[in-house]
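Asker: Sharing a model that was predicted from the sequence below.
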Amino acid sequence: MGLRQSGVAAIMTRTPDQTAPSRALHVITWGCQMNVYDSARMGDVLRPLGYQPVDTPDTADMIILNTCHIRDRAAEKVFSELGRLRLIKETRKAEGQQTIIAVAGCVAQAEGQEILARAPYVDIVLGPQTYHRLPEMVARAARAGNAVIETDFPTEQKFDFLPEAEAPQTPGNYTAFLTIQEGCDKFCSFCVVPYTRGAESSRSVQSVLAEARRMAQSGVREISLLGQNVNAYHGEGPDGTVWDLTHLAYALAEIPGLSRIRYTTSHPRDMNDALIAAHRDLPELMPFLHLPVQSGSDRILRAMNRGHTADEYRDLVHRLRAAKPDLALSSDFIIGHPGETDEDFEATMQLVRDVGFALAYSFKYSPRPGTPAAGAPLQVPEDVKDARLQALQKLLREQQDAFNASMVGKTVPVLFTGKGRKPGQIAGRSPWLQPVHVIGPDRLIGQTVPVRITERLTNSLGGILEEENVYA
Ligand code: SAM
Ligand code: SF4
């Protein structure tokens, strides 16, 4: 899954509870799509208390920093951001205004006590599994004047206690994320997720379908199902049996208005024949699959505890492409896992040449405190990691360019989601997630229409409406 820093989370607005005073909430979101989704849900939880989103921290009564711990100097980044927020809190205090600062997400989970020790002006520290309790935490922080820390893994499932997710109300939200599964039991050697997000658990089918229906009714046409191991989904179905992701995808495809379904992130071990067949038989399932492999060396895959070999991955890709010939793949790679030799790295390069990826995210291995690989011998020197990463990224970029170039001359369905950068342009996404823009009327926004791709630009594709006269 590509990690990115996303600024303010897209939190939808609604009239606040009439009895609650109006307060300003600013959420800063770091990390993956799941954090973006969580930030929106924290907004939902706080809305009945009168909290409305604002896009700057300077005027906010409450600031939430939703953090990511996956790599780099995550904790240091948090403390540096907190230093900035402290100044805002002090300035507002001098003006007689209170500011609640909350640190949420995976760094909060991993470093809760350390955060309170080093940043005593933080009012609330909460892990990813406890944000349904935010209103109570806000009340406790205000009452006691002491910091509140909630980083346990509660026995209750937060999704059972959250208010209904606010469906996007504003026009223009034609795509949405929907978290269906959380946590992980796979314990890859390098990864903090099992420690910060906890054990794997799935939401019930009914709650997922209800949320998806609300999204579709409000105009959403494309849903991306989210989970750390989304294809390990095993939610309780309305009939009391356990549904897997394939079963869920078929049910979602029945929802009027929903025309596109995506899911991320999948683990190769959890790709089964039924899901592969669904890619062939279910047109709503988009032909683009993020399937991280991390390494092409069996020795390193074993050290990583990934549970499959490089050839098993190749075979899986072969079966997927046999079922759905136009399926494109994206992946994640970790370069410089402890013990990685030149030979192991070359095996990764060979796997990339063999498979061919439309998109990929590649990272230098970053030791995560408390994970098995962090203390392993044979850590790879930084300069070696740098050189290998550069070589891999060059190859991946070439493959991505070739994939995008192969679109020129083809007609593809584009879901238009908004205006383009230039006057008269509208923009959207191809089934393979590529940004596409055309000159066309605004009324096509929210619709999926055929576009003939005429040019490839650096980060997008340009095209013309296939049936120009129909839309004139
Ligand atoms: N569950 C997914 C899987 O099994 O592939 C991955 C989820 S992880 C949150 C997202 C990506 O972050 C991983 O695929 C991996 O490439 C990268 N990542 C995780 N831990 C890392 C580490 N310690 N150093 C560098 N990259 C890391
Ligand atoms: Fe992390 Fe591995 Fe679980 Fe993915 S499968 S979340 S990489 S432990």
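Answerer: Sure thing, it's come through. Ligands and ions are numbered 1, 2, ... in the order given.
Asker: from here on, contacts and neighbour counts on C-alpha atoms
Answerer: Fine.
Asker: For Ala147, see how far away Glu111 is.
Answerer: With the distance defined as C-alpha to C-alpha, to the nearest Å, Glu111 ends up 14 Å from Ala147.
Asker: In terms of neighbours, single out the busier of those two.
Answerer: Set side by side, Glu111 and Ala147 show unequal neighbour counts under other C-alpha atoms under 10 Å, the larger going to Ala147 at 19 against 16.
Asker: quick one: contacts for the more buried one?
Answerer: Going by C-alpha atoms under 8 Å, 6 or more residues apart in numbering, Ala147 touches Leu116, Pro120, Val122, Asp123, Ile124, Val125, Ala141.
Asker: which of those are buried?
Answerer: Buried residues within those, counting neighbours by 16 or more other C-alpha atoms under 10 Å: Leu116, Val122, Asp123, Ile124, Val125, Ala141.
Asker: Tell me where the stretch 1-150 of the chain is predicted with low confidence.
Answerer: Residues of the stretch 1-150 of the chain meeting the criterion pLDDT under 70: 1-20, 144.
Asker: which residue ranges form the helices in it?
Answerer: With helices called from DSSP state H, counting those that start in this stretch, the stretch 1-150 of the chain shows them at 33-46, 74-94, 105-118, 134-144.
Asker: Quick one: residues contacting Val192.
Answerer: Taking C-alpha under 8 Å, 6+ apart as the definition, contacts of Val192 comprise His69, Ile70, Arg368, Gly370, Thr371.
Asker: Sorry, slip of the keys, the one I care about is Ser295.
Answerer: Under the criterion of C-alpha under 8 Å, 6+ apart, the contact partners of Ser295 comprise Leu301, Ala310, Phe333, Ile334, Ile335, Phe345, Ala347, Thr348.
Asker: Could you list which of those residues belong to helices?
Answerer: Cross-referencing the contacts of Ser295 with the helices (criterion: DSSP state H) gives Leu301, Ala310, Phe345, Ala347, Thr348 as the overlap.
Asker: Hmm, Ser22 and Val54 touching each other?
Answerer: No: contact status for Val54 versus Ser22: not in contact, 11.7 Å apart, counting by C-alpha atoms under 8 Å.
Asker: who in this structure is up against ligand 2?
Answerer: Residues of the chain lying close to ligand 2 by C-alpha under 6 Å from any ligand atom are Cys184, Lys186, Phe187, Cys188, Cys191, Val193, Pro194, Gln228.
Asker: Dump those to TSV, plus secondary structure.
Answerer: Written out in TSV, the entries for the residues of the chain next to ligand 2 read as follows (DSSP: H, G, I helix; E, B strand; the rest coil):
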residue	secondary structure
Cys184	coil
Lys186	coil
Phe187	coil
Cys188	coil
Cys191	coil
Val193	helix
Pro194	helix
Gln228	coil
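Asker: Just the buried ones among those, please.
Answerer: Buried positions within the residues of the chain next to ligand 2, assessed by neighbour count (16+ other C-alpha under 10 Å), are Cys184, Lys186, Phe187, Cys188, Cys191, Val193, Pro194, Gln228.
Asker: Quick check: closest non-adjacent residue to the first one.
Answerer: Nearest residue to Cys184, sequence neighbours excluded (C-alpha to C-alpha, 6 or more residues apart in numbering): Glu200, at 4.3 Å.
Asker: Could you report the neighbour count for the one you found?
Answerer: For Glu200, the number of neighbouring residues by other C-alpha under 10 Å comes to 19.
Asker: Begin at 54, not 1, for the rest of this chat.
Answerer: All right, first residue 54 from here; so that's Glu253.
Asker: Just read off the phi/psi values of it.
Answerer: Summarising the backbone geometry of Glu253 under the convention degrees, to the nearest 10, its torsions are phi -70, psi 130.
Asker: Tell me if I'm right that it and Glu235 touch.
Answerer: Yes: counting by C-alpha under 8 Å, a contact exists between Glu253 and Glu235, whose distance comes to 5.6 Å.
Asker: ok, now which ones touch the residue of the stretch 354-503 of the chain found nearest ligand 2?
Answerer: Among residues of the stretch 354-503 of the chain, the one nearest ligand 2 by C-alpha to the nearest ligand atom turns out to be Arg359. It sits 6.8 Å away. Each residue near Arg359 by C-alpha under 8 Å, 6+ apart is listed here: Lys239, Cys241.
Asker: tell me the secondary structure for it?
Answerer: coil.
Asker: ok, so what distance separates it from Gly349?
Answerer: 11 Å.
Asker: What of Ala172?
Answerer: Ala172 sits 42 Å away from Gly349 when distances are taken as C-alpha to C-alpha.
Asker: one step back: report the buried members of the contacts of Val245.
Answerer: Judged by neighbour count, with 16+ other C-alpha under 10 Å as the criterion, the buried members of the contacts of Val245 are His122, Ile123, Arg421, Thr424.
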